[in-house]
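Asks: below: sequence and its predicted model.
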Amino acid sequence: MSQYPFEFDPKIPFVEQASDWIADVFYERLPEAGFEVRDEQIYMAFQLERAYSDKKTIFAEAGVGTGKTFVYLLYAINYARYMRMPAIIACADESLIEQLVKPEGDIAKLARHLDLTIDARLGKSTDQYLCLNKLDDAKGEIEDSEIFHDIYRELPDFVNTPGTMQSFHPYGNRKDYPNLTDDQWGKVGWDVFQDCLVCTRRHRCGQTLSRDHYRKAADIIICSHDFYMEHVWTYEARKREGQLPLLPEHSSVVFDEGHLLENAAQKALTYKLKHAMFESIITRLLNGEVRESLAVAIDEAIEQSENLFYLLNRTSRKIMASDRKEVVVSAELLREINRFQDVLATIEEELVFESALFTLDDYQLKIVEEHIEMIQFALSLFKQPAGLITWVSEDKDGTTLVIMPKLVKEVLKERVFSKRMPIIFSSATLSVDGSFAYTADSLGIEDSLSFSVPSPYDYENQMHLFAKLQPYSSDERQEKIQLALKLLLKSEGRALILFPSREELEQFKQDISGYTDGSVYRFLFEGESEISHLIAEFQNDEHSVLCAVTLWEGLDIPGPSLSQVMIWSLPFPPNDPVFAAKRRDAAVPFDTVDMPYMLLRLKQGLGRLIRTREDQGIVSILDPRMNDEQVREKVEHILPQGVVLQDITDSL
Ligand code: SF4
């Protein structure tokens, strides 16, 4: 049997033949299987042909219901087979990954209706795996220790007993522990301060074993934006350390919900420094025989790191409504940073001598060198404070200094978009006022194709939008709860309530528990269990109410289970250092930072309601700022065609 789903003729360009087959799928094969012919989908297929034949980046802006996932999957799979390298499908977050691969998801549908065997594997982020070392610590804690002992008892036998490589298999995925809350998972899941490279358990750890599995995918590897970006930033360093890159060589990339990529890129390029972590890494050198000058420099570096963190603790300022603290970049701080960098430079020089003496373990030496190089680079960003975003945060293990470069586009341009490879940005919201320049520029993309296709749905008749267009009472919180309860009565539950922040969700959770009218509904709160498990519960228990912070994008629940989307507050950006930096650089911050961010997220949130031509429902916005004329006008401008904003009080 041919590896392609069509008879391949080597005399005709491959992409042309794949396109003909894909057109046949949309015109004939899928309609025969009961799918409707969608003009928007066929248009998108012809557009992607250009990107694949010219190996270019394309912005594919396609409204809800165009069936864009089918289009990009068919191209990605065929092209992967032709190039003999898998395609990467990078989703905005882990819950979107699960939606793609769930049994009734788009990959399974294509496989079933086109009689294809698709080799699709998940490349989940490291923080989605259990860390055996953290599990050991968590077992010793008083709180929840029984839960953690149960997890330990259920580990595969090979984890704690000798065994052969053949019997090893991946385990310990966040999804395997659906009932663990996010807080409990935080105690046992991998985090950035775990040093897997030197961990003695890495060959038996589920996190590292999962890599071997997805690397062998023939067709597609599905991962998150965060993970793809981590792959990009760590590619060279991993190669230097003799490790495989996180992802294998690939034939094309799709960034689903691609408008969120800049955030992921910035997050992945973030450096986190902690005194305890530095001390534990640098003192490893003292396990070998080292010259006295190096030992002295190590002592000095530890002392200087302590001084730096002491100063940060003393001078950082609390940020209102945020768990982050603002770093005050003073002359004193810059002096301490310079001192720390000087002593690190001394150690780097000493290590050159040491490596020639062969008294230190080569592997350990490389790790320490990489670590120092990372710290040096991160601290050097303080020399151009205008291009820097930084803050400190506290947890039970001490202070963390977080350093993030403001602009990532130069790095992205060099490492991702200069490659001759088809790269697809797929989203319903990629352009601003009809232009893709804003997105392209923020990512360093100089040469790209683009197109837009609208949603095929009849929003005028399918979606009804309400907001209270009169002033709220002085007890706004209570009034919002009462409005919410009336609205829930209208749809008999079946609602998704979207919150812009975890704090607002927690406040709602606390408030609603005091209302007996609320007890008739089953509320599911994000964070109480694993997210895809929570989504499945919501879908299966038709009258339940899902309260979420991260599901503004991508959630796809067709049918009556989701008959109402309630916007608890308009999703203006948080008061954190990332947005503070963007605001500082803007001439009119509210218009160019806060408002566009809010409108983009709101548009995504509205998109959760209508998922098929049969869906009907209401969207309600419970935010007093809807009475601000400027805000209301902007919101009305992004509404789907035909949807009219109505006063909530007329309908209740
Ligand atoms: S390899 Fe990493 S995740 Fe696994 S146990 Fe070791 S430190 Fe934890």
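Replies: Thanks, I have the structure now.
Asks: just confirm residue 546 is within a helix.
Replies: No: counting by DSSP: H, G, I helix; E, B strand; the rest coil, residue 546 is not part of a helix but strand.
Asks: tell me the spacing between it and residue 460.
Replies: 26 Å (C-beta to C-beta, to the nearest Å). From N, CA and C alone the C-beta is placed, and that goes for glycine too.
Asks: tell me which of the two has more neighbours.
Replies: Neighbour count, other C-beta atoms under 10 Å: between residue 546 and residue 460, residue 546 has more, with 26 against 12.
Asks: tell me the contacts of the more buried one?
Replies: Shown in contact with residue 546 (C-beta atoms under 8 Å, 6 or more residues apart in numbering): 495-497, 524, 526, 534-535, 538.
Asks: between these, which is closest to residue 429?
Replies: For the contacts of residue 546, the minimum distance to residue 429 (C-beta to C-beta) is 18.3 Å, reached by residue 496.
Asks: what's near enough to touch the closest one?
Replies: Residue 496 neighbours (C-beta under 8 Å, 6+ apart): 538, 545-546, 548, 551, 555, 557, 562, 564-566, 608.
Asks: right, is stretch 178-188 up against the ligand?
Replies: No: Stretch 178-188 lies out of reach of the ligand by C-beta under 6 Å from any ligand atom, never closer than 9.6 Å.
Asks: go through that stretch and flag the buried ones.
Replies: Across stretch 178-188, burial judged by 16 or more other C-beta atoms under 10 Å covers 180, 184-185, 187-188.
Asks: and for stretch 412-420?
Replies: Buried residues in stretch 412-420, defined by neighbour count with 16+ other C-beta under 10 Å: 412, 415-417.
Asks: any idea how far apart the tips of it sit?
Replies: For stretch 412-420, the first-to-last residue distance is 14 Å (C-alpha to C-alpha, to the nearest Å).
Asks: cool, stretch 116-124 as well?
Replies: In stretch 116-124, first residue to last residue: 24 Å (C-alpha to C-alpha).
Asks: for it, give me every contacting residue.
Replies: Outside stretch 116-124, the residues touching it (C-beta under 8 Å, 6+ apart) are 5, 77, 86, 94, 97, 101, 107, 110-111, 173-174, 210-211, 213-214, 216-224, 227, 246-247.
Asks: got a list of what residue 414 touches?
Replies: So residue 414 contacts residue 444 (C-beta under 8 Å, 6+ apart).
Asks: same question, residue 226
Replies: Contacts of residue 226 (C-beta under 8 Å, 6+ apart): 93, 125, 264, 267-268.
Asks: which of those scores worst on pLDDT?
Replies: pLDDT across these is at its lowest for residue 93, which sits at 82.
Asks: low-confidence ranges, the stretch 551-652 of the chain, go.
Replies: Within the stretch 551-652 of the chain, no stretch has pLDDT under 70.
Asks: residues near residue 441, how many?
Replies: Considering only other C-beta under 10 Å, residue 441 is surrounded by 11 other residues.
Asks: secondary structure element holding it?
Replies: For residue 441, the element it lies in under DSSP states H and E is helix 437-443.
Asks: other residues contacting the following helix or strand past that helix?
Replies: Downstream of helix 437-443, the next assigned helix or strand under DSSP H and E is strand 448-453. Contact with strand 448-453 is made by 40, 43-44, 47, 50-51, 54, 56-63, 66, 430-431, 434, 436, 440, as judged by C-beta under 8 Å, 6+ apart.
Asks: change it to 7 Å
Replies: 40, 43-44, 47, 50-51, 56-63, 66, 431, 436, 440 (C-beta atoms under 7 Å, 6 or more residues apart in numbering).
Asks: could you identify the buried members of the residues you listed?
Replies: Buried members of these, counted by 16+ other C-beta under 10 Å: 40, 44, 47, 51, 56-63, 66, 431, 436, 440.
Asks: circling back to that earlier point, any of the contacts of residue 226 buried? List them.
Replies: Buried among the contacts of residue 226 (16+ other C-beta under 10 Å): 93, 125, 264, 268.
Asks: tell me how far stretch 352-367 is from the chain's mean position?
Replies: Put simply, stretch 352-367 sits 37 Å off its chain's centre (C-alpha atoms, centre = their mean, to the nearest Å).
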